[in-house]
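>>> sequence? don't have it. structure:
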């Protein structure tokens, strides 16, 4: 079922209020129903989506920061970009990121900010809630091959090679005459 979240339409909405997450963290197991699968199939441009599931953990780092990690997986059918035949594939997407309130970012002392490229991706925590269903769909979609190729499909060049005549052959003919 599609729901509007502001301007975003979510086919697999599962909103978690972080105030309800236990201090030790919480585990979520999500499975898409038939209606959600049909809507996701269209959104992701798939020939067929057989199933879609996600397992997600949320752990509080502090009162304003939460670590979210998980895996989204499903079985799909795509059209091979070489043979144009449908084929099945299994897709798995692992993700880990941190949600933090915008207030914390605004109160940061701007004199010195340490940036590490090894840090996890940071997202704004808006209204103290996270749509973990939409998060799983977004990471899953990044793992779908935009130019799918079935195993063993090989692009064969069917155009006969063009053989160019040697321009000096004409000179040879003139020389012989």
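Right, received. Where do you want to start? Just so it is clear, the model here is predicted, and its values are computed rather than measured. Residues are numbered from 1 along each chain as shown.
>>> quick one, phi psi at the most centrally placed residue in the chain?
When C-alpha atoms, centre = their mean is applied to the chain, the residue found nearest the centroid is residue 142 (2.0 Å). Torsion angles at residue 142 (phi, psi; degrees, to the nearest 10) stand at phi -70, psi -20.
>>> host element of the residue nearest to it when sequence neighbours are not counted?
Nearest non-adjacent residue to residue 142, counting by C-beta to C-beta, 6 or more residues apart in numbering: residue 93, 6.5 Å away. Placement of C-beta: from N, CA and C, glycine included. Per DSSP states H and E, residue 93 falls inside strand 86-101.
>>> Partner strands of that strand, with direction?
strand 65-79 (antiparallel), strand 121-125 (parallel) (DSSP bridges).
>>> want to throw these into a markdown table with mean neighbour count, distance to residue 38 and mean pLDDT?
As requested, these are exported to a markdown table (neighbours: other C-beta atoms under 10 Å; distance: least, C-beta to C-beta, whole Å; pLDDT from 0 to 100):
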| stretch | mean neighbour count | distance to residue 38 | mean pLDDT |
| --- | --- | --- | --- |
| strand 65-79 | 19 | 13 | 97 |
| strand 121-125 | 13 | 28 | 90 |
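>>> Now do the helices for this protein: every range, in order, please.
Along the chain, counting by DSSP state H, helices occupy 34-44, 102-106, 132-142, 168-176.
>>> Just put the ones you listed in TSV and tack on distance to residue 155 and mean pLDDT.
Below are the helices of the chain laid out as TSV (distance: least, C-beta to C-beta, whole Å; pLDDT from 0 to 100):
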stretch	distance to residue 155	mean pLDDT
helix 34-44	24	96
helix 102-106	48	55
helix 132-142	25	97
helix 168-176	34	74
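>>> The strands paired with strand 86-101: which one's closest to residue 43?
Closest approach to residue 43 among the strands paired with strand 86-101 (C-beta to C-beta): strand 65-79, 12.5 Å.
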